[in-house]
Structure formats: structure tokens, C-alpha cells
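A.B. asks: quick one: sequence plus predicted model below, questions after.
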Amino acid sequence: MHRSDSVARLALVGAMQEELSAVLALMQDASCETVAGRQFWRGQLNGHAVVAVLSGIGKVAAAMTATVLIEKFQVERILFTGVAGGLAAHVRVGDVVVASELLQHDMDASPLFPQYEVPLSGRARFEADPVMTQVLIESVQQVLPQVQVHAGLVISGDQFVSSASESRRLQMEIADALAVEMEGAALAQVCRDYGIPLAVVRTLSDRADDDAHTDFSKFVKDVASHYSVAIVCEFLRRQAT
């Protein structure tokens, strides 16, 4: 989808208010429009036309938000920022994961289709945009040099993974998964269908284990929200005006 009548617009999407509030605070000339129960904020950030919105939590909410962004607001790229639970042994709380591909870990239409494959799509894994992904990695390295950044598979499902047993099961079944969350793969499926570039960056708030629920809220407020706005601003700085 291309628009010739105005500047290409980037959508900035988060799942929770804390994750996006710092971005909203920096937007200039912001105006709000409510669609499908969501507040879409249009304005300028670092000289770029952006639309910022909370997706809500879960795959259906994320897919609905992405569809409205593309159909009504005609965004040409989507950047999702948020938090996730770490799965791989080498990732730690406070690390940042940039998704190179995304998969729905709770998609299972077997035996009609292979486990994890989205029926009628022919695939289980949906790629993030490689150019946006590389810019995100460089942005994290620039503004958060003390933070370890990883790139790879992020998995999504309609479940807050908060037990060590469930975390171990996912690690065993999807060995290359770096992190688990609740929205990214749904966004990736919608964006693939529309041909819209997507990038997803997640700060690891917990280890998706028995302590996940106690770590989550405080981390989002005290750490992840600050990481998100720093990464987004650097990402925009690196874009051509």
C-alpha cells in the first residue's frame, strides 16, 4: 500500500498504557480519534508523522488494532514496543529482544495442518521487516549500550506465561524461541496479508516463570517504558526525513 498525497506515516503500537505513555508525552500537535474503542493519537514525533495507539492485550486485540491502522489511518509501517518473558537460557531480565520472526505458540490445527502453522497461509513463522529490524538493533545499541540486545524468534499466545513448567515446555518444543508475549505474531500475520513492514522490540521483564507476575508491573513502569521511548526516538532519528 502506497500513499502519494502525504508523508509516509509510521504506527507506534504498545500493549499497555505504561509502555506507550512516554512516547505520547513527546508527541507534538497530537490529536485523538476513537475507533473501535481505541484511542488513536496522530501527531509529530522527531519530525515524523506518526500514529500512536494501545493495541490492548492478546492476539485478537492486536490484530484488530493493526487492521484499523492500515485500513483507516493508512499507515505504511508498524513498530511495536513492549515487554516479554525470556525463554532462551542466554537471555536475561533487562535484555532487549528484536524479533526477526514471529510464531503463534498456541496455534494448533493438527492433524489438518502442521502444529503452529496458520491454516491456509502455508507458514508458521512470519518474518519481521529486515530493514526496520536492523535499524532497531542499531538503535538499541546506540541509546542503551549497557543493555544486551538479541535478535531472533519471538513467540506469541493468548496466555501470560507465568510458570516454570510452562516455560520449560515452550523451550523444549520451540528450541530457538528467545521470548514469549501475547501480540507480536498476530500483528505479523496481519501485516503480511497487507504487505506492511513490521518491526517488534521487546524488553524482557521476567523469565516467564513462577515469579513473572511479581516482576511485571513494576518493571514496565520503572524500566521498560523508558527503554521504549529511547529506542523509538533513536529509530526515528535514523530514518530519512
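C.D. replies: In hand now; what should we look at?

A.B. asks: what's the closest non-adjacent residue to Val147?
C.D. replies: Val96 (5.5 Å; CB to CB, 6 or more residues apart in numbering). Yep, even glycine has a C-beta here, placed from its N, CA and C like the rest.

A.B. asks: and Ala199, which of the three is it?
C.D. replies: Here Ala199 takes the strand state, with states given by DSSP: H, G, I helix; E, B strand; the rest coil.

A.B. asks: just give the closest residue to it, not the sequence neighbours.
C.D. replies: Met132 (3.6 Å).

A.B. asks: go ahead and confirm the one you found touches Glu76.
C.D. replies: No. With contact defined as CB atoms under 8 Å, Met132 does not count as touching Glu76 (11.3 Å).

A.B. asks: how about the helices in this protein?
C.D. replies: 17-26, 59-71, 130-143, 164-173, 184-194, 212-219, 225-237 (DSSP state H).

A.B. asks: so where is this protein shaky, pLDDT-wise?
C.D. replies: Applying pLDDT under 70 to the chain picks out residues 1-8, 208, 210-216, 240-241.

A.B. asks: what's the separation between the residue located most distally from the centre of it and Glu117?
C.D. replies: The C-alpha centroid of the chain is most remote from Pro111, which lies 29.9 Å away (CA atoms, centre = their mean). Pro111 sits 12 Å away from Glu117, going by CB to CB, to the nearest Å.

A.B. asks: gap between the residue nearest to Ala199 and Ala164?
C.D. replies: Relative to Ala164, and taking CB to CB, Met132 is found at 33 Å.

A.B. asks: show me which of the two is the more surrounded one.
C.D. replies: Met132 (21 against 14; other CB atoms under 10 Å).

A.B. asks: how far away is the more buried one from Gly47?
C.D. replies: Distance from Met132 to Gly47, by CB to CB: 18 Å.
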